[in-house]
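# okay, here's the prediction I keep looking at, along with the sequence it came from:
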Amino acid sequence: MKLTRREFGVLTAGAAAFAQDNGRKIGYCAVGLGRISNIFLSAVKLSSQARMVALVSGYRDKAEKIAEDHGIAAKNIYSYDNFDSIADNPEIDAVYIGLPNSMHAEYTIRAAHAGKHVLCEKPMAVSVADCQAMIDACRKANKKLMIGYRIQYEPVHAQALELIRSGQLGAIQTMDGAYGFNISPRGATIKGVNRPEFRINAALAGGGPMMDVGIYALNAFRYLMGEEPAELTASTSVIDKDGRFKDIEENMVWTMKFPSGAVASCATTYGAGLGPFFRIVGSKGTLISEPSWGYDGIRMTVRLQRQPPAEVTNPERHPAQFVREADHFAECILQNKEPKTPGEEGMRDMKCIAELYRAAGRKG
């Protein structure tokens with residue numbers, strides 16, 4: 001197998017080759033101005049297909065500063081109380097939802113009712129019922145819904161998909177992957193007031209690391225295999241007794257068996273640095289990616305029978321993955337195409353997560 005510069009260039013050029021509708025750019029409104037939304041705002045500055053035109057925040061002072069930095073008119077700053085009035089703003093084509101997980105469903109549905117397309121961060125929601133309600137609302141409003149699985153738009157992962165689907169790795173036998181970090185209870189400080197980390201709040205996050213970074217291995221193995229898990233097992237634990245994990249798991253390990261017979265073993269944690277990495281073993285070769293799910297610096301080593309190891313890297317820097325997302329969704333809106341990662345993809349992950357939590361004995 002030869003991984004030439006030209007072949008890699010073909011993979012990386014796709015997102016930049018989208019046709020524009022007479023030069024018009026899609027206008028995004030960012031809902032929530034936390035960490036992930038600020039990354040998306042930076043990405044849209046680099047987009048060839050989109051522009052940032054509006055903000056939604058509960059903190060007017062913070063929103064005004066961000067609006068000034070990104071050239072957004074003050075009249076296009078909304079609060080959560082007047083969010084629904086975005087319906088009257090023709091500059092807004094789509095909303096980007098970077099809110100805590102439990103708020104995804106409400107604001108996706110309200111955005112659809114306001115006549116706007118929706119790009120929602122992963123995980124899609126905190127329940128399968130919420131996912132279905134989001135899909136139904138967007139479908140009824142004839143608006144597109146895309147879930148922010150940035151890795152599915154990343155070139156190294158696209159190469160992994162090609163190696164698997166082309167049969168170069170042979171029959172896939174086993175997979176393993178992990179992602180975790182030692183989470184701090186400290187969140188953002190806004191106007192002198194500390195807002196605790198929402199990801200350790202079960203009511204806001206819907207769960208622990210499985211809902212945050214564990215979902216990467218789950219989603220990757222599902223889409224790389226092109227199959228849905230037929231059997232799932234899981235176990236959770238809490239080791240640290242410092243109060244961070246009163247309502248959520250600290251650690252989770254799980255297995256998935258696919259209809260083809262391939263088996264996956266995965267782990268995630270909020271108690272230590274772990275990965276990110278994945279390994280896929282086939283009858284004709286192996287691929288290993290580490291780091292695998294970060295914002296940049298993704299690497300993969302491919303070992304095929306009777307061939308020297310090949311290294312695949314992506315030289316793009318952060319926030320390139322988010323630029324690809326913004327451009328892809330803009331293209332879908334302009335050309336009336338279905339997103340690569342629609343609401344149904346997010347709901348499939350949520351069905352698996354719900355089953356994993358049941359298997360681990362979580363109540364509710």
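Yes, it's here.

# list the buried residues for stretch 178-189?
Ala178, Tyr179, Gly180, Phe181, Ile183, Gly187 (16 or more other C-beta atoms under 10 Å). Using the backbone N, CA and C atoms, a C-beta is placed for each residue, glycine as well.

# list the contacts for the fourth one?
If I follow you right, that is Phe181. The contact partners of Phe181, taken as C-beta atoms under 8 Å, 6 or more residues apart in numbering, are Val213, Thr269, Tyr270, Ala272, Gly273, Leu274.

# which of the buried residues of stretch 178-189 scores worst on pLDDT?
In terms of pLDDT, Gly187 ranks lowest among those, with 64.

# ok, for Asp349, nearest residue in space, not its chain neighbours?
Leaving aside its sequence neighbours, Asp349 sits nearest to Asn219 (C-beta to C-beta, 6 or more residues apart in numbering; 5.5 Å).

# quick one: that neighbour from Ser292, how far?
Distance of Asn219 to Ser292, computed by C-beta to C-beta, to the nearest Å: 12 Å.

# low pLDDT regions in the stretch 251-364 of the chain?
Confidence mapping of the stretch 251-364 of the chain against pLDDT under 70 gives the ranges 363-364.

# ramachandran coordinates for the residue nearest to Leu99 when sequence neighbours are not counted?
Closest residue in space to Leu99, ignoring its immediate chain neighbours: Gly32 at 4.1 Å, by C-beta to C-beta, 6+ apart. When read as degrees, to the nearest 10, the backbone of Gly32 gives phi 90, psi 140.

# tell me the contacts of Gly32?
Val56, Ser57, Ile97, Gly98, Leu99, Pro100, Met103.

# can you verify my assumption that the second one contacts Glu64?
No - with contact taken as C-beta atoms under 8 Å, Ser57 and Glu64 are classed as non-touching, separated by 9.2 Å.

# Tyr80: which of the contacts of Gly32 is nearest?
Val56 (6.7 Å; C-beta to C-beta).

# what bridges to that closest one?
For Val56, the beta-bridge partners are Val31, Tyr78 (DSSP bridges).

# run a quick neighbour tally on it.
Here the count is done by other C-beta atoms under 10 Å, and Val56 has 26 residues near it.

# surely it is in contact with Val31?
Yes - the pair Val56 / Val31 is scored as a contact, 4.4 Å apart, by C-beta under 8 Å.

# any residues in contact with both of these two?
Phe83, Val95.

# which stretches of the stretch 101-250 of the chain form helices?
Counting by DSSP state H, counting those that start in this stretch, one finds helices in the stretch 101-250 of the chain at the ranges 104-113, 128-140, 155-165, 202-205, 209, 215-225.

# close enough to count as contact, Glu250 and Ser237?
Yes - the criterion here is C-beta under 8 Å, and Glu250 meets it with Ser237 at 6.5 Å.

# compare these two (neighbour count), which wins?
Neighbours were counted for Glu250 and for Ser237 using other C-beta under 10 Å; Glu250 has more, 23 against 13.

# name the nearest residue to Ser79, sequence neighbours excluded.
Gly58 (6.3 Å).

# may I have the secondary structure class of the one you found?
coil (DSSP: H, G, I helix; E, B strand; the rest coil).

# look up phi and psi at it.
phi -90, psi 0.

# could you report the neighbour count for it?
Count around Gly58 with other C-beta under 10 Å applied: 12.
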